[in-house]
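K.L.:
3D, please:
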Amino acid sequence: MAFNPTVEPGRATRAGKHPAVVATNVGELAIKAVKAREELGAIIEQLNGIADRILFEVSGEAVAASIGTRRASQKLREMTVRLQRVCTALGLRRSDE
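P.N.:
Prediction:
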């Protein structure tokens, strides 16, 4: 049901309600609508804050994982070089050479 403050007094009069009562009801509804809008705005702000924190945490973990992967790759390269030196010292060659 649509609410239109310019139409409601006419409806109320046809329904047998006094226009002053309708005006009071319209005012109360307007106050409730403003409060509801403010509450929804606060909830939306809270949800945005939560979403921002989640995004920050997830992106931080992704960066940490990336750094960990780079460190692991570097260590693997170092180990490969060392292993190649040991094999060379022992006179071993790769099977595909």
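
K.L.:
Confidence-wise, which helix or strand of the chain is lowest on average?
P.N.:
helix 8-14 (a mean of 70; mean pLDDT, DSSP states H and E).

K.L.:
Could you identify the longest helix within this structure?
P.N.:
Scanning the chain for the helix with the most residues, using DSSP state H, yields helix 19-90.

K.L.:
average pLDDT for it?
P.N.:
On average, the pLDDT along helix 19-90 is 84.

K.L.:
hang on, the earlier thing: contacts for the least confident helix or strand of the chain?
P.N.:
Contact partners of helix 8-14, identified using Cβ atoms under 8 Å, 6 or more residues apart in numbering, comprise 18, 19, 21, 22, 23, 25, 26. All C-beta spots, glycine's among them, are computed from the backbone N, C-alpha and C.

K.L.:
could I get it in CSV with only the CA atoms?
P.N.:
Once non-C-alpha atoms are left out, helix 8-14 reads as follows in CSV (Å, rounded to 0.1, in the frame of the first residue of the first chain):
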residue,chain,number,x,y,z
GLU,A,8,-4.2,10.1,3.0
PRO,A,9,-6.4,12.9,4.6
GLY,A,10,-9.0,12.4,1.9
ARG,A,11,-9.0,8.6,2.4
ALA,A,12,-9.3,9.1,6.1
THR,A,13,-12.2,11.5,5.8
ARG,A,14,-14.0,9.0,3.5
